[in-house]
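Undergrad: Let me see the structure of the following:
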Amino acid sequence: MQDETSAFRTRLEAMLKRRVEGCRALLQLERLSGGANQETYRLEIATADGERRLCLRRAAGGVGHHQTQAPGLATEALLMRVARAAGVPEPEVLHVLVPDDELGEGFLMEWLDGETLGARIVRAPEFAAMRPRLARQCGEVLARIHAVDLDATGLRARLQRVTPAEFVRQKWLRYQSFGTPQPMIDYTARWLLAHLPAEERVTLVHNDFRNGNLMIDGGGICAVLDWEIAHIGSPLRDLGWLCTNSWRFGASDKPVGGFGDYDDLIAGYEAASGQRVDRAALHFWEVFGSYWWAIECLGMAEHYRNGPDKSVERPAIGRRSSECQVDCVNLLMPGPVALVQATLDEDTDMPRIDELLVSVRDFLHREVMASTEGRTQFFARVAGNSLELVRRERALGTAQRQAERARLEALLGARGSLTELRWQLCHALREERLALTAPGLTEHLRQTVVNQVAIDQPGYSGLKTALNRAETA
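TA: Numbering: from 1, shown residues only. Down below sits the predicted model:
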């Protein structure tokens, strides 16, 4: 591993001296945490005018693993250049890697200083004065993205065109390929296909425009990041994704990124674009956002099982699918719900299993995180959180599964193992043998999903929303 790192650094420094005017040496190289599909590095170089920071974005291991709809890093670099020319805040792309660089796929760009952590953008006091303006600014920036001329820029030939129906079905098939029965996902796919919005306009779609992919400073947006899944399609996909609860970072009372309101986003977009926003279509794309991310979370677990990246982050993200599913519950079927109670732990060993789990969790969160930084610190947090999830699973999982099985037997009029019954429900939904209005269906899905997210992520805002609505129902 050390030899590979050293060789990478040597090739990188050679590229910088060739491609960056005045570059004399690579002083520092740091791989940053975050980014599930690509590598991002902060570079510090010595130049004739002093030290300078740059950013390298590269495919994992330098080798592109292109998913459906992914345009590739060369096209991503073009998208950033085109967006910058259209007035979208973007870093300048300095060089797109070529085979002679021997670094694989990627590109080099200027380093910009700003905040990208969604939770800090939502809560940090230094952004308090800016936050009330941010939703409207997002609408204005999205209007510029959607106004890009696809033909003049050459993007029409390089990006896939995806209709709403195709988008829903592509994701549904991707989820089905994982071989896991998640009936709420099947229900939501059926609902989406029954409520497809009319496509009045087709534009460039960023497809990941959200809090966490925006760089913010005191004046607002200073960069729009991560163009890796851009396509051509409905512009309201971008607005709906920005409003998806996963990217509110706990501030569920502010539906636009956790910092703003629908009215401000829509006003900014309509003023800058001259196009009316259909609120029903926006709701569709918000539901789609949670559906899409529920499936992508499962994809992270699938990648952990079968892909080259065995990081502790991927299976942890996989369990976050239930967060997105509870958001679908809140958007489509709010109502009464009751949480199961923990079963008594009869483990009389010393130490008990739960004590072992807690001891390792605390070691990771207190000692490892305190003595590390960067990716190692981030992964220590993730690992500790995964252990805490296992502890909750031991306390609540048995009661949750028993209640789910009893509801399924009543709903389906059949007996079997929990897995068999889950599959029966999934197939009944996929084959349209069960209506979305079937008695007991939404009750079962709501109870199951809410109790599952109570195990997977009890601090998630969507769980609080579901329980608050249950109290007022």
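Undergrad: mind listing what's buried in stretch 238-254?
TA: By neighbour count on 16 or more other C-beta atoms under 10 Å, the buried set for stretch 238-254 is 238-252, 254. For the C-beta atoms, the positions are set from N, CA and C on the backbone; glycine is no exception.
Undergrad: Among those residues, which pair sits farthest apart?
TA: Largest separation among these by C-beta to C-beta: 238 and 250, giving 22.3 Å.
Undergrad: just for the protein, where's the confidence low?
TA: Residue ranges of the chain with pLDDT under 70: 1-2, 33-37, 61-70, 344-345, 470-473.
Undergrad: Which stretches in it count as strands?
TA: Listed in chain order, the strands found in the chain under DSSP state E are 23-31, 38-47, 50-59, 93-96, 106-110, 203-205, 214-217, 220-224, 231-233.
Undergrad: Off-centre distance for the fifth one?
TA: In terms of C-alpha atoms, centre = their mean, to the nearest Å, the gap separating the centre of strand 106-110 from the centre of its chain is 23 Å.
Undergrad: same deal with the second one?
TA: Per C-alpha atoms, centre = their mean, the displacement of strand 38-47 from the mean C-alpha position of its chain is 24 Å.
Undergrad: got the angle for that strand vs strand 106-110?
TA: Counting by axes from the mean of the first three to the mean of the last three C-alpha atoms, to 10 degrees, strand 38-47 lies at 50 degrees to strand 106-110.
Undergrad: Can I get strand 38-47 in CSV? Just the C-alpha atoms.
TA: C-alpha atoms of strand 38-47 as CSV (Å, rounded to 0.1, in the frame of the first residue of the first chain):
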residue,chain,number,x,y,z
GLN,A,38,-15.2,9.3,-6.1
GLU,A,39,-11.9,10.3,-4.5
THR,A,40,-11.3,13.9,-3.6
TYR,A,41,-7.9,15.3,-2.7
ARG,A,42,-6.7,18.6,-1.3
LEU,A,43,-3.3,19.5,-2.8
GLU,A,44,-0.9,22.2,-1.8
ILE,A,45,1.8,23.1,-4.3
ALA,A,46,4.8,25.4,-4.4
THR,A,47,4.8,27.9,-7.3
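Undergrad: In that strand, which residues are buried?
TA: By neighbour count on 16+ other C-beta under 10 Å, the buried set for strand 38-47 is 38, 39, 40, 41, 43, 45.
Undergrad: so which of those comes closest to residue 232?
TA: Using C-beta to C-beta as the measure, the one of the buried residues of strand 38-47 that approaches residue 232 most closely is residue 38, at 21.5 Å.
Undergrad: thinking again about what came up before, single out the most deeply packed of the strands of the chain.
TA: Across the strands of the chain, averaging neighbours per residue (mean count of other C-beta atoms under 10 Å) puts strand 203-205 on top, at a mean of 24.
Undergrad: Starting from that one, tell me which strands it pairs with and how they run.
TA: The pairing partners recorded for strand 203-205 under DSSP bridges are strand 231-233 (antiparallel).
Undergrad: For this protein, give the helix that spans the most residues.
TA: When the chain is parsed with DSSP state H, its longest helix is helix 374-412.
Undergrad: which residues does the closest residue to residue 113 other than its chain neighbours form a beta bridge with?
TA: Nearest non-adjacent residue to residue 113, counting by C-beta to C-beta, 6 or more residues apart in numbering: residue 217, 7.3 Å away. Legend: beta-bridge partners of residue 217 under DSSP bridges are residue 220.
Undergrad: For residue 133, see how far away residue 217 is.
TA: Separation of residue 217 from residue 133 (C-beta to C-beta, to the nearest Å): 13 Å.
Undergrad: Over to residue 231?
TA: Distance from residue 231 to residue 133, by C-beta to C-beta: 29 Å.
Undergrad: go on, residue 262?
TA: Residue 262 is 15 Å from residue 133, by C-beta to C-beta.
Undergrad: quick one: which of the two has more around it?
TA: More crowded of residue 262 and residue 133, by other C-beta atoms under 10 Å: residue 262, with 18 against 15.
Undergrad: from memory that one sits against residue 268, does it?
TA: No - taking contacts as C-beta atoms under 8 Å, residue 262 lies outside contact range of residue 268: 11.1 Å.
Undergrad: Disregarding residues adjacent in the polypeptide, which is nearest to residue 232?
TA: Leaving aside its sequence neighbours, residue 232 sits nearest to residue 161 (C-beta to C-beta, 6+ apart; 4.5 Å).
Undergrad: measure that neighbour to residue 352 for me?
TA: Here the criterion is C-beta to C-beta. By it, residue 161 lies 57 Å from residue 352.
Undergrad: do the same with residue 216
TA: 45 Å.
Undergrad: With residue 317 instead?
TA: Taking C-beta to C-beta, one finds residue 317 at 29 Å from residue 352.
Undergrad: In terms of neighbours, single out the busier of these two.
TA: A direct count of neighbours by other C-beta under 10 Å for residue 317 and residue 352 places residue 317 higher, at 20 against 14.
Undergrad: residues making contact with stretch 367-374?
TA: By C-beta atoms under 8 Å, 6 or more residues apart in numbering, the surrounding residues in contact with stretch 367-374 are 30, 31, 32, 33, 376, 377, 380, 381, 384.
Undergrad: What residues does the second one make contact with?
TA: With contacts defined as C-beta under 8 Å, 6+ apart, the neighbours of residue 31 are 39, 40, 41, 374, 375.
Undergrad: Ok, residue 74 next?
TA: Applying C-beta under 8 Å, 6+ apart, the residues near residue 74 are 96, 105, 107.
Undergrad: Which member of these is positioned nearest residue 89?
TA: Of the contacts of residue 74, the one sitting nearest to residue 89 (C-beta to C-beta) turns out to be residue 107, at 17.6 Å.
Undergrad: Test of understanding: give the bridge partners of that closest one.
TA: Counting by DSSP bridges, residue 107 is bridged to residue 57, residue 96.
Undergrad: How about residue 426, nearest residue that isn't a chain neighbour?
TA: residue 181 (4.6 Å).
Undergrad: what separates the nearest residue to residue 103 once chain neighbours are set aside from residue 230, distance-wise?
TA: Closest residue to residue 103 apart from its sequence neighbours, by C-beta to C-beta, 6+ apart: residue 97 at 5.2 Å. The gap separating residue 97 from residue 230 is 19 Å, by C-beta to C-beta.
Undergrad: any idea how far residue 184 is from residue 163?
TA: 24 Å.
Undergrad: correct me, but residue 462 touches residue 331?
TA: No - using C-beta under 8 Å, residue 462 is not in contact with residue 331, being 9.7 Å away.
Undergrad: Which one's more surrounded, these two?
TA: The neighbour count for residue 462 versus residue 331, taken as other C-beta under 10 Å, is higher for residue 462 (26 against 21).
Undergrad: which one is the residue at minimal distance from the centre of the chain nearest to, not counting chain neighbours?
TA: For the chain, the residue nearest the mean C-alpha position is residue 293 (5.8 Å; C-alpha atoms, centre = their mean). Spatial nearest neighbour of residue 293, excluding adjacent residues (C-beta to C-beta, 6+ apart): residue 324 at 4.7 Å.
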